[in-house]
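Asks: quick one, fold the following:
(one chain, ligands or ions: 1)
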Amino acid sequence: MSSLGDLLGLIKNISFRNVIDILIVAYLLYKFYIFIKQTRAEQLLKGLILVVVVMKFSEWFGLVTLHWIIKNTLTVGVIALLIIFQPELRKALEHIGRSRFLTKKLFESDEEIKRVVDEIAIAVGNMSQTKTGALIVIEQETGLNDFIESGTKIDGLVSSELLENIFFENSPLHDGAVIIRKDRILAAGCVLPLTEQEVNKELGTRHRAAIGITESSDAISVVVSEETGTISLAINGKLTRGYSVERLKNILTKILIKNMFVDSNMFKKVKLWLEKTNSK
Ligand SMILES: Nc1ncnc2c1ncn2[C@@H]1O[C@H](COP(=O)(O)OP(=O)(O)OP(=O)(O)O)[C@@H](O)[C@H]1O
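Replies: This is a model prediction of the structure:
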């Protein structure tokens, strides 16, 4: 009874500041739920809530042994969870780091995007015809410096000739991935993380690496299969295959233009919007 009285007393004393506080926490919890929805963390959260509910019941009903076991397991469990969910926690922190107020500048203009995409498309088209294996990663908001450092620095303007030269079979840099930032090829021969997803048995490590990098970052990767010449695109951990050069060009242009707008800070957003409106 006294806890009900306490609760009523608490409700009576709620101030405007408390309401703001509650709204912020509710919003953060909602965002957190959306973020973990349909991941293995969602199942875990449900399990955790159930365990906490059982723990509270065992306390209320005086089930001392059960309460003792759950309480102590939970204490050790938190540390175990931090270890088991280390990749998810890392992704979550990267996700926070990508929030709008912390973002960096991507491409300067639509024209720059079109030029870069044209060059990539020409190279990909040619390599698809000659069945030259290639893996091209386009950096977005998440910095890929760790992976760039695993390769050989190039820092050259994106051009179809340079891309084709890198992936040419006898080139010393043809193994691994090329990483592009804005309009520059930063490095080649980069080693990317492989996905742990169950993927089509036909797909080997090149395609697994293409998916892997898009799981641990918001980068976009384009693959040309050495075996079949098939062009594939990986975004957000999903690989879609069988692109024509035209379709690849369209979709890449759309995504990069969209990301340029989403990423921008308020000032740049207004500037880009004005430029767009004036050019219509
Ligand atoms: N971790 C990695 N990061 C970047 N590139 C990688 C990685 N692992 C393998 N590769 C690239 O993939 C090539 C091997 O491709 P593999 O044949 O296993 O894959 P695949 O998906 O079947 O591609 P393909 O259809 O072109 O044969 C390597 O020579 C290397 O260039």
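
Asks: for stretch 137-147, buried residues please.
Replies: Under the neighbour-count criterion of 16 or more other C-beta atoms under 10 Å, stretch 137-147 has V137, I138, E139, Q140, E141, T142, L144, F147 buried. Backbone N, C-alpha and C define where each C-beta goes, glycine included.

Asks: burial of the closest residue to the ligand within the stretch 101-250 of the chain, as a residue count?
Replies: Here the stretch 101-250 of the chain gets closest to the ligand at one residue, G204, 2.6 Å apart by C-beta to the nearest ligand atom. Look at G204: counted by other C-beta atoms under 10 Å, it has 14 neighbours.

Asks: mind checking pLDDT for it?
Replies: Confidence at G204, expressed as pLDDT, is 92.

Asks: filter the buried residues of stretch 137-147 down to the ones in strands?
Replies: Counting by DSSP state E, those place V137, I138 in strands.

Asks: looking at the buried residues of stretch 137-147, which is nearest A209?
Replies: V137 (9.0 Å; C-beta to C-beta).

Asks: so that closest one sits against I185, correct?
Replies: No: taking C-beta atoms under 8 Å as the definition, V137 is not a contact partner of I185, at 10.3 Å.

Asks: point out where the protein drops to low pLDDT.
Replies: 1-3, 37-40, 95-105, 261-280 (pLDDT under 70).

Asks: which positions within the strand or helix carrying L44 qualify as buried?
Replies: Element membership of L44 [criterion: DSSP states H and E] is helix 40-60. Neighbour-count burial for helix 40-60, counted by 16+ other C-beta under 10 Å, picks out A41, M55, S58.

Asks: could you dump the residues you listed to CSV with distance to the ligand?
Replies: Listed next are these as CSV, based on distance: C-beta to the nearest ligand atom, whole Å:
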residue, distance to the ligand
A41, 25
M55, 44
S58, 48
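
Asks: nearest to P193, of the residues you listed?
Replies: For the buried residues of helix 40-60, the nearest to P193 is A41 (19.1 Å; C-beta to C-beta).

Asks: not counting sequence-adjacent ones, nearest residue to that closest one?
Replies: Spatial nearest neighbour of A41, chain neighbours left out: E88 (5.5 Å); criterion: C-beta to C-beta, 6 or more residues apart in numbering.

Asks: for the one you found, the count of nearby residues, please.
Replies: 16.

Asks: how near is it to the ligand?
Replies: E88 sits 21 Å away from the ligand, going by C-beta to the nearest ligand atom, to the nearest Å.

Asks: what's the helix or strand for L162?
Replies: helix 160-167.

Asks: quick check: I154 is in a strand.
Replies: Yes: assignment of I154 by DSSP: H, G, I helix; E, B strand; the rest coil places it within a strand.

Asks: related to what we said a few turns ago, helices and strands around the helix holding L162, which ones?
Replies: Judged by 3 or more C-beta pairs under 8 Å, 6 or more residues apart in numbering; DSSP states H and E, helix 160-167 is in contact with helix 110-129, strand 134-138, strand 152-157, strand 177-181, strand 184-190.

Asks: format the ones you listed as TSV; extra columns: distance to A209.
Replies: Shown next, in TSV, are those (distance: least, C-beta to C-beta, whole Å):
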stretch	distance to A209
helix 110-129	17
strand 134-138	6
strand 152-157	17
strand 177-181	6
strand 184-190	9
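
Asks: hang on, the earlier thing: quick check, nearest of the buried residues of stretch 137-147 to S232?
Replies: The nearest one, if we look at these relative to S232 and count by C-beta to C-beta, is V137, at 12.8 Å.

Asks: which residues touch that closest one?
Replies: Applying C-beta atoms under 8 Å, 6 or more residues apart in numbering, we find V137 in contact with 144, 147, 177-180, 190, 192, 210, 213, 219-222.

Asks: what are the phi and psi values for the nearest residue to F57 once chain neighbours are set aside?
Replies: Distance criterion C-beta to C-beta, 6+ apart; nearest residue to F57, sequence neighbours excluded, is L63 at 7.8 Å. Main-chain dihedrals, L63, degrees, to the nearest 10: phi -80, psi 80.
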